[in-house]
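Participant: generate a structure from the sequence data that follows.
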Amino acid sequence: QLQLVESGGGLVQPGGSLRLSCAASGFTLDYYAIGWFRQVPGKEREGVSCISRSGGSTNYTDSVKGRFTISRDNAKNTVYLQMNSLKPEDTAIYYCAARRSSCSRYVSPYDYWGQGTQVTVSS
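Facilitator: Numbering: from 1, shown residues only. Have a look, this model is predicted:
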């Protein structure tokens, strides 16, 4: 069964850090670009970051540039999102998604999705 599983979410104070993980089972991530998305109730899911299949190319939405870092370890079949200097507006459910092609900022091109992990930034 092809599956993506996110982990690492939780409650953190403003200015704090979290590292999200996206682990694949049933398939290898080597052939997939991986995107991180987030969603809050009542809003559309938005692209946060993406990493190419090789890891040589990354991109970020403007609001997280300089604070978030995406990386991948293909040997562990896992992609990470390091989130530093977290702000209350980063509160959302975070999803990872796999696309057997290049990165996209849009939801529809992705082939597989995880179930999401909640990130709450609050004092």
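Participant: contacts, neighbours, all on C-alpha from now
Facilitator: OK.
Participant: find the centremost residue of the chain, please.
Facilitator: residue 36 (2.6 Å; CA atoms, centre = their mean).
Participant: identify the residues contacting the closest residue to that residue other than its chain neighbours.
Facilitator: Counting by CA to CA, 6 or more residues apart in numbering, residue 96 is the residue found nearest to residue 36 once chain neighbours are left out, at 4.5 Å. Going by CA atoms under 8 Å, 6 or more residues apart in numbering, residue 96 touches 4, 6, 22, 34, 35, 36, 37, 113, 114, 116.
Participant: closest to residue 90 among those residues?
Facilitator: residue 37 (11.3 Å; CA to CA).
Participant: quick check: which element contains the closest one?
Facilitator: strand 33-39 (DSSP states H and E).
Participant: got the CA coordinates for the helix or strand that that strand is followed by in PDB?
Facilitator: Remark: after strand 33-39, the chain's next helix or strand is strand 46-51, criterion DSSP H and E. Extracted in PDB, the C-alpha atoms of strand 46-51 (Å, rounded to 0.1, in the frame of the first residue of the first chain):
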ATOM      1  CA  GLU A  46      -1.500  26.400   0.200                       C
ATOM      2  CA  GLY A  47       1.900  25.300  -1.000                       C
ATOM      3  CA  VAL A  48       4.700  26.000   1.600                       C
ATOM      4  CA  SER A  49       7.800  24.400   0.100                       C
ATOM      5  CA  CYS A  50       8.900  21.800  -2.400                       C
ATOM      6  CA  ILE A  51      12.000  19.800  -3.100                       C
END
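Participant: I am finished for the moment; much appreciated.
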